[in-house]
Structure formats: structure tokens, C-alpha cells
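A.B. asks: Only the shape, not the letters, is given here:
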């Protein structure tokens, strides 16, 4: 029996976990596709005959599509609901994966990654919108953290396990399998998921609401100063996940610490594992204490200190580097608090648009950082080649990866500008002033 809307405000019905779970698997799939190139760097440079800057762009075009679509994602989900939008998006991502796996032409490879990023763009916001509709507000930050845990599971699968699979079977066959999985998941979401409980108001859930001018929703969200502060914090705090773990961490560790690819991939995946645990932990702490701002300040400081140590403290043993990478990811995962805080600073009828705005900025940092790091590497390349692929020195990586601690410093400064919500929606006069 479907619970009454009033009951849903107190607890989630069991079916809610199935709906959220399918969305969380979508987000897991999106992260798998996001980080997959990090264990294929040499093969991709060889097969497409490109250097670091071009490879950075080939990987980052996922982020261009993903970040560029976040505002339309939120607007579409607010209008048509997550079920239809997410199922259609997964079909696009599966098609992109198939194109990327099968082509030998760089132009089609770009198209494939573009379609993958565009389709995967709907996973996180769609899942958060389902959580908004089916779970009580007092559990939102925890559910957001669990969603990030699912995403980080995809990131972990896309590193050490994928590296071993690529070594055994090649990268093309692996991505054909990823396309088949995306197709199956699209069918499951289309058949099973429901946008919201019967009788629950659209303004409460942000899921499939009445026709509302899309630009009006966007203006409403973008006019809030706190929306911008929280979005930019999320972008800066995502630097190591998107710039390091998603592409350049594996080759850096192979060069700087002389690790094999599987060991380097395992070490890099500790950033994602840290995020996987830090996100739900920070959500639980924030919900339990009723505070948003203090965890954001502390997390940015820890992320900055740990990444500076990884990159610039000489002679660290591998175990210490791995511990610091885990700690960095654990601190980075605290950025999920930004989604709850931004929601609390905006009206309920634009909830998906709010999530999309924050996510656009967050993922957009990957679109900027990956090619920027690649460009800095190319500028400091000493001309060395191995099996047709460029090899960058440890000194070149130190220069290229310096943009990551700079991003963490920005997050630390922005955290002091966050306005505390005490984990509750602010009043309309407070929203107008924020």
C-alpha cells in the first residue's frame, strides 16, 4: 500500500529505496564512464596518435557535455520528471560508449565521449530529485552522501578493476560491455521508477511539476548569492577527484613513484574510496549536528594540506602517499553538503534546477582542469616517448598538478562566505536576502 504523503514526510516507504537505488546505479555508471580514460592513457594516446593536451580534451569533453547540460538537466527534470528523462539519457550514454569503443577516428571518439557525458549528465540530479520526492527532508544530506557513495563505487570500478580488465581484454571490448549495461539500466528505470508519491505536491518534490517558464526557474536560482558561493566551493573542492583521480593520477604515480599500472590505479582509487566514505559521513554529521558551514571549512583545509603533502613532500613512502590520497578524498566528499545547503536557500519548486546549477559548477571544474593540466604537461615535456606515447617527468607533473592545491585554497576561502542554514529551508524573506 502506498503511504500517504503526510507519512512520507516522516519516513520513506520501502519502494523508495528501489527507485533511489536504480538512480544511484545510474550515477555509479556515470562515474565509471567519467574515470575510465585514466587507465587507458597510454593506449588512447597510441591508438589516436595524440599528446597530453589532446588526450586531456578527449577525456574532458565528457565534462564539457556534462557540465554544460546541468542547467537544462534541472529544468527538464523539474518539468517532465526524472523517470522519462533518465531513461532517455541512459540510451544516449550507451550509444556514445558504443561509438567510442568502435571508432578509430579521433573525431568520432570526441563524438562518443560527448554523448557519454551528455547522457550521464542526468544521473546525479535525477537521483537527488527522486530522493527529494521519496525521502524526508531531515535525511536529505545522508541520502545525498549515499548517492555519492554509489558514484564513487563506479569510480573505484573504473580504476583498479578496469585496469586489470583492460590489460587482459583491451579497452574497446570493455566499453562495448559498458554500452550494453547502459541499455539494460535504461529499460529498468523506464519500467520501474515512479517520479513521486501519489498526491504529493509538485512544489514539494520538484519532480515533474506544472509547466513553468524555464528561464524563470533559472533566474530564481541564479539570483541567489549563496547559490553561487556553494556552487563555486563544490567546484573547487572537486579538483582532486576530477583532475587527479579521473585522469592524471595514474600516470603521475607511475612516473613519480615507479609503480605498475594496476598499483598506481589502486592508489589513485583511494581518492574515490575516500569520497565514497566521506560523503555519507559528512551528510550524517551535517544532518545530526544541524550545521552546514563548519564541516565545509574543515574539509577544505584538510584537502589542501593533504594534496600539498602528496605533491611536494619528497621521499614519502607509498603507504603515506596512499593514506594522504584517501584523506584527501574523504575531505573532498564533504562537498555534497553544498547540495543540501543550496536547496535550503532556494524555493522547493526549483529544486532540480538548484541541484543542476551546483552540479554544473562542480563538474565544470573537471572540464577546465583536465585539459589545463595536460597543457601544462605538454609545455614541460622533455621530448621522451615510449611505445609512441609521451612520457612526462615527475617535475612536469608537479607543475601541471599545481592547479589542484590552488583550487583547494579557493574552496577554503569560499567556505567562510557560506551562510549557515541550520539544516532547514530558510524563509522567503531570508531567501530574497541571501
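C.D. replies: That came through fine. Since this is a predicted model, take the numbers as computed values, not measurements. Numbering: from 1, shown residues only.
A.B. asks: Do I have it right that residue 388 meets residue 51?
C.D. replies: No - if you go by Cβ atoms under 8 Å, residue 388 and residue 51 don't touch, sitting 10.7 Å apart. C-beta here means a position set from N, CA and C on the backbone, and glycine is covered the same way.
A.B. asks: who's more crowded, the two?
C.D. replies: A direct count of neighbours by other Cβ atoms under 10 Å for residue 388 and residue 51 places residue 51 higher, at 17 against 10.
A.B. asks: Do I have it right that that one meets residue 375?
C.D. replies: No - Residue 51 is beyond contact range of residue 375, at 9.9 Å (criterion: Cβ under 8 Å).
A.B. asks: Tell me the buried residues in stretch 100-117?
C.D. replies: 100, 101, 103, 109, 110, 111, 112, 113, 114, 115, 116, 117 (16 or more other Cβ atoms under 10 Å).
A.B. asks: And for stretch 269-285?
C.D. replies: For stretch 269-285, burial by neighbour count (16+ other Cβ under 10 Å) applies to 269-283, 285.
A.B. asks: Need the mean per-residue confidence for that stretch.
C.D. replies: Regarding stretch 269-285, the rounded mean pLDDT is 88.
A.B. asks: which intervals of the stretch 251-400 of the chain have sub-threshold pLDDT?
C.D. replies: Nowhere does the stretch 251-400 of the chain drop to pLDDT under 70.
A.B. asks: so where do the strands sit in it?
C.D. replies: Here the stretch 251-400 of the chain has its strands, by DSSP state E, counting those that start in this stretch, at 385-386, 389-390.
A.B. asks: Not counting the first one itself, show me its contacts.
C.D. replies: The contact list for strand 385-386, computed with Cβ atoms under 8 Å, 6 or more residues apart in numbering, reads 42, 391.
A.B. asks: partners of it, with directions?
C.D. replies: Sheet pairing for strand 385-386, assigned by DSSP bridges, gives strand 389-390 (antiparallel).
A.B. asks: Show residues contacting the partner strand.
C.D. replies: Residues from elsewhere that reach strand 389-390 (Cβ under 8 Å, 6+ apart): 41, 42, 45, 46, 51, 52, 378, 381, 384.
A.B. asks: Go again with 7 Å.
C.D. replies: Among residues not part of strand 389-390, those counted as contacts by Cβ atoms under 7 Å, 6 or more residues apart in numbering are 42, 45, 46, 51, 52, 381.
A.B. asks: do the same with stretch 40-48
C.D. replies: Stretch 40-48 is contacted from outside by 37, 51, 55, 58, 106, 109, 166, 171, 250-251, 387-390, using Cβ under 7 Å, 6+ apart.
A.B. asks: Name the residue closest to the centre of this protein, please.
C.D. replies: When Cα atoms, centre = their mean is applied to the chain, the residue found nearest the centroid is residue 363 (5.9 Å).
A.B. asks: residues in contact with it?
C.D. replies: Residue 363 makes contact with 63, 66, 67, 70, according to Cβ under 7 Å, 6+ apart.
A.B. asks: List buried residues within the residues you listed.
C.D. replies: Counted by 16+ other Cβ under 10 Å, those give 63, 66, 67, 70 as buried.
A.B. asks: ok, and the most crowded of the contacts of stretch 40-48?
C.D. replies: Neighbour tally across these (other Cβ under 10 Å): the maximum, 31 neighbours, falls on residue 250.
A.B. asks: measure it to residue 389 for me?
C.D. replies: Between residue 250 and residue 389 the distance is 13 Å, computed by Cβ to Cβ, to the nearest Å.
A.B. asks: Does residue 330 touch residue 278 like I think?
C.D. replies: Yes - in this structure, residue 330 is within contact of residue 278 by Cβ atoms under 7 Å, at 3.7 Å.
A.B. asks: now residue 109, what's its secondary structure?
C.D. replies: At residue 109 the chain is in helix, as set by DSSP: H, G, I helix; E, B strand; the rest coil.
A.B. asks: ok, it - contacts?
C.D. replies: Contact analysis of residue 109 by Cβ under 7 Å, 6+ apart lists 48, 58, 100, 103.
A.B. asks: switch to 8 Å and redo it
C.D. replies: Each residue near residue 109 by Cβ under 8 Å, 6+ apart is listed here: 48, 58, 99, 100, 103.
A.B. asks: would CSV of those residues with distance to residue 338 be doable?
C.D. replies: Below are the contacts of residue 109 laid out as CSV (distance: Cβ to Cβ, whole Å):
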residue, distance to residue 338
48, 36
58, 29
99, 33
100, 31
103, 37
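A.B. asks: Looking at the residues you listed, spot the one nearest residue 16.
C.D. replies: Comparing the contacts of residue 109 against residue 16 with Cβ to Cβ places residue 100 closest, at 34.4 Å.
A.B. asks: quick one: contacts for the closest residue to the closest one other than its chain neighbours?
C.D. replies: Spatial nearest neighbour of residue 100, chain neighbours left out: residue 112 (2.9 Å); criterion: Cβ to Cβ, 6 or more residues apart in numbering. By Cβ under 8 Å, 6+ apart, residue 112 lies in contact with 96, 97, 98, 99, 100, 101, 103.
A.B. asks: thought residue 401 was touching residue 248?
C.D. replies: Yes - in this structure residue 401 lies within contact range of residue 248 using Cβ under 8 Å: 6.7 Å.
A.B. asks: so what sits against both of those two?
C.D. replies: Going by Cβ under 8 Å, 6+ apart, residues that sit against residue 401 and also against residue 248 are residue 373.
A.B. asks: elements contacting the strand or helix carrying residue 101?
C.D. replies: Using DSSP states H and E, residue 101 falls within helix 82-102. Packing partners of helix 82-102 (3 or more Cβ pairs under 8 Å, 6 or more residues apart in numbering; DSSP states H and E): helix 14-35, helix 70-80, helix 106-120, helix 123-134, helix 171-192.
A.B. asks: what's the next secondary structure element after the first one?
C.D. replies: Translated: helix 14-35. Downstream of helix 14-35, the next assigned helix or strand under DSSP H and E is helix 41-48.
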